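Peer 1: take a look and give me a structure for this.
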Amino acid sequence: MSNLSIGLTGLDVAQRAIELIGTNISNAATAGYHRQDMQVSPIALNSASGSSIGGAKVSDVRRAMDDLLEREMSRQQTNLGQTSQELQTLQYIQSALGEMGSQSLTSALDNFFAAIRQLSVEPSSLALQTQLASSADTMAGQFRNLGTFLDNLQNQIRLQAGTVVQQVNDLAGQIANLNQQIDTVAARGGEPNLLRDQRDQAIQELSSLIEVQTTGSPEGVVNVTAWGTPLVQGNKALSLEVGAAESGKLGISVVGANYYQVGGQGGKLGGLMELINNTVPDIQGSLDALAGEVINGINRLHAEGVGTAGSFTELTGAAVGSGTLASWNAGIAAGSFFVRVINRSTGQITRTQIAIDPSRDTAETVAAKLGGVDHLSAAVVGGRLSISVDDPQKYQFDFVPALTPAPTSQSIGGTVQPTISGIYSGADNATYTFTAGATGQVGVTDNLTLEVRRGGVLVKTLDIGKGYAAGEPIDVVDGIKVALDAGTVNSGDQFTVQALARSDTTGFLAAAGLNAFFSGSSARDIAVSSDILNHPERIASSIGPDLADNMNLVRMADFGDKTSTTLGASPIDYYHQFVTGVGQRVATAQAKQDGLNSTSQELQQQRDSISGVDVNEEAARLLMFQQMYQAVAKFIGTQSKSMDALLGLL
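Peer 2: So this is what the prediction gives:
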């Protein structure tokens, strides 16, 4: 009987080996499958004569795997999942920016400032005024398109994060269920290798979605922790959810815990969290900073100028806050702005200084100060500051920083009367004091001079004595001209000239939307004033005394090229740097993804060499066990015939 038992054990081994080889070959292309290797051990049987004989048995069926390699592959999947998600979204943003497109924001910005320069050549041209308004509208539309795109992108990322969290929950449930099945089969003495492969593959898929750490034996129950949360414990799994943390950022929490963590990294979910909490808001913040600088910078200049339509009889601003000026968050500084009231009949101009204290003033208090100016009235109606003259047929007003024909103040004992003209080109506001150096008759007395001082410092000495043609303008400094009519001056006679580079050093006019070119405060809501679109002749081109110059257009054109203290570059250069920065992010993410892909491929090759199925090798083993089966069957047949013969002899 021992010989027959030997044969039967051999048949069993050969049959199980053939079945196992078939399983390997069938799963040669199955993701996550580990080749199964059968361990065969001898069975010792003792004969009656004491000789050692025996058969064989299958002692174990093991998966061919390297646990450390599997963990490294999981880690690489986590990094690759995050990088791929970030790269995909950044490429989407880069495409939306359309750096090379004819309708991109780059070309819109260039066209806007080019249109300002073209109008500065012929400021009274209605066609060029209309062109500028249209270019500005196109640029504002490009800003809004990008702002809306980024808003929508964040909404899409939130939805996608919710979808990924659901996938995480599903995989966690699968892993817990497989843990239970593995434990049950193993307890019954079975070999749940296929279940283990399914579970390990689920863990690999999970690691591409979220960073995980595993504990336990790969042959037994495996516990999974994700971002510090025990996601799977044995056959139990927790569920996650997305929501807003206290900081307003998107976070992840265990369902019902209401504690949202925002700093998770790794996997597709980590990439989405990084995008929505940091990357996209940074990009959106840069775009909004540029839009805000264009809005504020152009509006501050535009508010001080006047178009070919002339000065105003009434003006209404934008909706403003109800609190102090500081609460508007519009960057209003302490200081003052100047308003001019022009008598249309006589040409007399009266300039009044309005002091601003952002910590104390409100729109109503400023309206009261403006209402105290002769021939002006002001009120806040519907949250908007409105200014008007009391007699539109006789008066107008504006905020032009032009030099006034009459000195700001004077103390002249003689008969001479000075007249101020020119367009001040200085960099900042200044007051110049003119003092007669002697007594005499203008244009007649030898060595008759006027000393010009700024802040007590002598700037220039003007010769108004013999040889000077009375009434002829004399160049003083920075575009200021002064003329003295025929008459006498006394030594020590003085007059002052207030020269304004800016008539509003506070930013109040722009913040209140008075004579504004743009409305809005960000890329999402920037728009050209309807007044400008409907009446392009109101584009504020002039700041000179006769309101026929192009100096305000020159200032606005220069704004596009000058370095902004807020942006650290000119608006055009800042956008170029902004687009380049996005491109660099894409290039960095692409390089990182390429490196991770290369590493993952190398690890996969190592895994294939350890755990993969070589069909040729399996076929060779199949032939060997087939021959073994046939040989053992022949051995059993021979033993059967021998037994039959022996029984026949009896």
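
Peer 1: and Thr9, what does it touch?
Peer 2: Applying Cβ atoms under 8 Å, 6 or more residues apart in numbering, we find Thr9 in contact with Ile43, Gly55, Ala56, Lys57. (C-beta placed from N, C-alpha, C; glycine too.)

Peer 1: an error on my part: the question was meant for Gly307.
Peer 2: Contacts of Gly307 by Cβ under 8 Å, 6+ apart are Gln129, Glu537, Arg538, Ile539, Ala540, Ser541, Ser542.

Peer 1: let's see that with 10 Å instead.
Peer 2: Residues in contact with Gly307 (Cβ atoms under 10 Å, 6 or more residues apart in numbering) are 123-124, 129, 515, 532, 535-542, 547, 552-553.

Peer 1: and the helices in the stretch 551-650 of the chain?
Peer 2: 551-559, 571-611, 615-649 (DSSP state H, counting those that start in this stretch).

Peer 1: may I ask which two of the contacts of Gly307 are separated the most?
Peer 2: Ser124 and Asn515 (18.6 Å; Cβ to Cβ).

Peer 1: show me which of the two is the more surrounded one.
Peer 2: Asn515 (25 against 14; other Cβ atoms under 10 Å).

Peer 1: check the secondary structure at that one for me.
Peer 2: coil (DSSP: H, G, I helix; E, B strand; the rest coil).

Peer 1: test for you: state the pLDDT assigned to Met1.
Peer 2: The score at Met1 is 47. That number is its pLDDT.

Peer 1: for my notes, confirm Ile203 occurs in a helix.
Peer 2: Yes: read with three-state DSSP, Ile203 is one of the residues of a helix.

Peer 1: so it versus Asp67, what's the distance?
Peer 2: 12 Å (Cβ to Cβ, to the nearest Å).

Peer 1: do the same with Pro392
Peer 2: In terms of Cβ to Cβ, Pro392 sits 88 Å off from Asp67.

Peer 1: same thing with Phe518?
Peer 2: As judged by Cβ to Cβ, Phe518 and Asp67 stand 63 Å apart.

Peer 1: those two: which is more packed in?
Peer 2: Neighbours per residue, other Cβ under 10 Å: of Phe518 and Asp67, the larger number sits with Phe518, 26 against 12.

Peer 1: find the nearest non-adjacent residue to that one, please.
Peer 2: In space, and not counting its chain neighbours, Phe518 is closest to Ile295: 4.5 Å by Cβ to Cβ, 6 or more residues apart in numbering.

Peer 1: just checking, that neighbour is part of a strand?
Peer 2: No: the assignment for Ile295 by three-state DSSP gives helix, which leaves it out of any strand.

Peer 1: ok, how many other residues are close to it?
Peer 2: There are 24 residues near Ile295, going by other Cβ under 10 Å.

Peer 1: could you shift the numbering so residue one becomes 2, and keep it that way?
Peer 2: All set: I'll call the first residue 2, so the last point we hit is now Ile296.

Peer 1: so it sits against Ala141, correct?
Peer 2: Yes: between Ile296 and Ala141 there is a contact at 9.1 Å, judged by Cβ atoms under 10 Å.

Peer 1: shared neighbours, those two?
Peer 2: Phe519, Ser520, Gly521, Ala524, Asp526, Ile527, Ala528.

Peer 1: give me the mean pLDDT for stretch 421-429.
Peer 2: Confidence for stretch 421-429, expressed as mean pLDDT, is 93.

Peer 1: now the end-to-end length of it.
Peer 2: Criterion Cα to Cα, to the nearest Å; first-to-last residue distance in stretch 421-429 is 18 Å.

Peer 1: gap between it and the chain center?
Peer 2: 41 Å (Cα atoms, centre = their mean, to the nearest Å).

Peer 1: overlap in contacts of Ile204 and Asp68?
Peer 2: Thr215, Pro219.

Peer 1: single out the most deeply packed of the helices of the stretch 552-651 of the chain.
Peer 2: Of all these, helix 552-560 carries the top mean neighbour count, a mean of 21, counting by mean count of other Cβ atoms under 10 Å.
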